[in-house]
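Novice: just the structure for this:
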Amino acid sequence: MKSESRVKKGEILLFVFVFVSVASIGVSCASGGTLPPEEAWNKAFRGGGEDAAWSVQQTSDGGYILAGITKYSEYDSDVWLVKTNSNGDKQWDTTFGLPQKHDYAHSVQQTSDDGYIIAGATFSFGAGLSDFWLIKTNSKGEWQWDETFGGSDHDWAYSVQQTKDNGFIIAGGTFSDGGGYSNALLVKTNLKGDKEWKKPFGGTADDEAYAVQQTSDEGYILAGRTWSYGAGSCDAWLLKTDSHGNAEWKKPFGGTADDEAYAVQQTSDEGYILAGRTWSYGAGSCDAWLLKTDSHGNAEWKKAFGGVADDEAYAVQQTSDEGYILAGRTWSYGAGSCDAWLLKTDSQGEEQWNKTFGGTAPDVAYSVQQTTDSGYILAGNTNSFGAGNGDFWLIKVRAEGNSNQIFDTGPGTYPSCPGTHKGEIKPAHDLKVTKLYTYPCTGTGGHTESVEIREGTKLIAHGTWNGYQSDWHNISLHNVTSTPYVSLLKDHNYNYVIRTGSYPQIIHTQQPFTNKYGKITRTQFTDANGMVYNDWLPAIRLV
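Specialist: Prediction:
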């Protein structure tokens with residue numbers, strides 16, 4: 001299998017993936033003595049014909065939101081949005097698009113109001129042949145507004161994220177803007193979807209962006225591919241902008257063959273992790289590729305994963321142990337022509353384990369996220385199972401190792417109010433904690449604004465909320481030397497001060513709360529109005 005050498009004029013590049021269907025067969029491989037985690041469950045969802053889920057995110061109620069395409073015929077497809085509960089059972093679904101037109105979604109995120117923002121492309125609306133399409137829904141998937149962005153030619157969006165100012169940043173490709181054949185395009189909007197600015201990036205050949213994330217300095221990091229720069233016919237491309245979309249630096253990565261980056265995330269050390277595929281390196285004709293850079297985009301290390309056939313990574317996320325989780329597909333391993341593929345590395349990119357999912361037909365994972373229970377959720381497409389001819393596919397994978405190695409109160413209830421919790425935590429196990437998760441009340445943006453943890457009077461860890469971004473229910477913890485975790489020891493007592501915002505869930509009890517993870521005791525809770533309560537505990541999880 002070989003990548004496209006160019007994007008033809010008049011065609012929109014869609015990630016032309018083989019559509020795949022679901023009851024999964026898993027094949028596992030471990031490195032370094034680490035056993036792959038078990039699959040918890042998987043679900044297939046049938047739409048109008050050929051269906052593929054390109055994006056998944058865990059939602060504030062513990063369920064999942066999926067977005068992608070449902071294809072009725074060669075010239076008729078819609079955006080498809082599916083919401084499930086925590087067990088993967090469908091709660092509702094909705095489509096967007098006009099009959100006999102081609103529309104699709106590539107990215108979805110839950111927003112600060114518990115609704116959803118969707119980005120993709122539309123042939124149904126807009127000024128050109130196809131346009132960026134941004135759709136906002138409420139928490140039930142009901143349309144609130146949509147906006148198109150583009151010129152007279154083809155424009156398409158791959159990635160969207162809500163920004164710290166509650167607006168949105170969208171990245172993709174364009175034939176309408178810029179000086180090259182195709183260009184990467186970055187569009188910033190306000191909360192209502194009104195365009196604030198747009199910026200094309202590229203040279204004289206083909207260039208496009210597959211992923212965007214707002215960075216800690218309120219700028220943006222983009223990942224994609226470029227034919228205009230670099231060593232090969234096509235190189236992976238990393239581009240950093242300021243908060244107004246002005247390029248600060250651009251970095252191509254690759255060898256003499258084709259190399260591409262499909263995903264990017266800023267890491268805890270302010271660097272960046274990229275995932276994609278490479279024909280320049282590795283064992284096969286095409287291998288999954290993981291690349292780590294420093295904060296200036298200088299490569300720190302590169303790793304290729306795969307066998308003798310084609311293997312690709314479409315998504316990456318840094319995990320709670322500072323390693324990385326990749327999702328994609330493999331022709332080298334598994335049961336079928338190609339299988340969904342999940343691969344875990346340590347912080348230096350050394351493989352710890354990998355696991356395949358699928359049957360005898362093509363199956364693929366396009367999106368992965370670590371879940372609040374330290375497991376993983378994958379979304380993609382299957383032809384092996386389900387109704388056949390391609391279905392949405394949702395796979396839940398358990399956490400690695402001992403699932404007791406967290407501290408979890410479980411959910412709470414109403415009534416709720418933002419305020420300041422003070423009390424004591426006594427873990428039942430040794431913990432290496434990187435994040436604090438706050439259970440939100442349904443329909444709210446309940447979260448923790450800041451946290452301090454002390455042993456006696458000595459401050460040992462702290463964290464500050466980073467706004468309504470993709471992981472906004474979690475707050476990252478650092479010890480006093482800024483190491484991105486803190487060690488809490490079994491049967492030690494730790495004092496906490498947790499300041500919450502919006503409406504987090506509360507455990508209402510006058511007694512210390514004890515379960516298999518340990519004990520949490522309240523000292524007092526002071527709400528935003530100054531009222532003091534002695535029976536309010538925060539509903540939290542330390543991971």
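Novice: where exactly do the strands run in the stretch 251-400 of the chain?
Specialist: Using DSSP state E, counting those that start in this stretch, the strands of the stretch 251-400 of the chain run over 259-266, 272-278, 287-293, 299-305, 311-318, 324-330, 339-345, 351-358, 363-370, 376-382, 391-397.
Novice: closest one to residue 98 among those strands?
Specialist: Closest to residue 98 of those is strand 391-397 (CB to CB; 21.3 Å). Every C-beta, even on glycine, is put in place using the N, C-alpha and C of the backbone.
Novice: what's the next helix or strand after that closest one in contact with?
Specialist: Counting by DSSP states H and E, the element after strand 391-397 in chain order, helix or strand, is strand 407-408. With contact meaning CB atoms under 8 Å, 6 or more residues apart in numbering, strand 407-408 is reached by 425, 427, 431, 433, 488, 515, 517, 518, 540, 541, 542.
Novice: surely the fourth one meets residue 486?
Specialist: Spelled out, it's residue 433. Yes: contact criterion CB atoms under 8 Å: residue 433 and residue 486 qualify, at 5.2 Å.
Novice: quickly list what's touching both of those two.
Specialist: 461, 477.
Novice: flag every buried residue along stretch 35-55.
Specialist: 36-37, 39-40, 42-47, 49-55 (16 or more other CB atoms under 10 Å).
Novice: so residue 424 bridges to which residues?
Specialist: Bridge pairing for residue 424 (DSSP bridges) gives the partners residue 495, residue 521.
Novice: what is the neighbour count of it?
Specialist: Residues near residue 424, counting by other CB atoms under 10 Å, number 15.
Novice: just the one 3 residues further on next, same as before
Specialist: Close neighbours of residue 427, defined as other CB under 10 Å, add up to 22.
Novice: not including adjacent chain positions, what is the nearest residue to it?
Specialist: Nearest non-adjacent residue to residue 427, counting by CB to CB, 6 or more residues apart in numbering: residue 518, 4.3 Å away.
Novice: hmm, the one you found is touching residue 425, no?
Specialist: Yes: under the criterion of CB under 8 Å, residue 518 makes contact with residue 425 at 6.6 Å.
Novice: does residue 114 sit in a helix, a strand or a coil?
Specialist: What DSSP: H, G, I helix; E, B strand; the rest coil gives for residue 114 is coil.
Novice: so who does it touch?
Specialist: Going by CB under 8 Å, 6+ apart, residue 114 touches 59, 60, 139, 442, 443, 444, 445.
Novice: pick out whichever of the residues you listed sits closest to residue 394.
Specialist: Distances from residue 394 to those, taken by CB to CB, are shortest for residue 59, at 12.7 Å.
Novice: residue contacts, that closest one?
Specialist: Contacts of residue 59 (CB under 8 Å, 6+ apart): 65, 83, 110, 114.
Novice: related to what we said a few turns ago, what about the residue nearest to residue 427, how many residues nearby?
Specialist: Using other CB under 10 Å: residue 518 sits among 23 other residues.
Novice: one more: residue 314?
Specialist: Residue 314: 26 neighbours (other CB under 10 Å).
Novice: what do you get for the one 5 residues further on?
Specialist: By the other CB under 10 Å criterion, the neighbourhood of residue 319 contains 19 residues.
Novice: in this structure, where is pLDDT below threshold?
Specialist: 1-34, 401-405, 470-471 (pLDDT under 70).
Novice: okay, which residue is most central for it?
Specialist: residue 369 (5.1 Å; CA atoms, centre = their mean).
Novice: what bridges to the nearest residue to that residue once chain neighbours are set aside?
Specialist: Nearest in space to residue 369, with sequence neighbours left out and distances taken as CB to CB, 6+ apart, is residue 377 at 5.4 Å. Beta-bridge partners recorded for residue 377 (DSSP bridges): residue 369, residue 396.
Novice: before we move on, back to that, and the residue nearest to residue 427, what is it in contact with?
Specialist: Listed by CB under 8 Å, 6+ apart, the contact partners of residue 518 are 407, 425, 426, 427, 428, 429.
Novice: kindly report the same for residue 503.
Specialist: Under the contact definition (CB under 8 Å, 6+ apart), the residues listed for residue 503 are 416, 417, 418, 440, 441, 444, 445, 446.
Novice: any idea how far it lies from residue 336?
Specialist: Computed with CB to CB, to the nearest Å, the distance linking residue 503 and residue 336 is 46 Å.
Novice: got it, and residue 139?
Specialist: 37 Å.
Novice: what of residue 415?
Specialist: 51 Å.
Novice: bridging residues for residue 169?
Specialist: In this entry, residue 169 is beta-bridged to residue 161, residue 188, by DSSP bridges.
Novice: I should have written residue 131 there, sorry.
Specialist: residue 122.
Novice: isn't it right up against residue 150?
Specialist: Yes: using CB under 8 Å, residue 131 is in contact with residue 150, at 3.5 Å.
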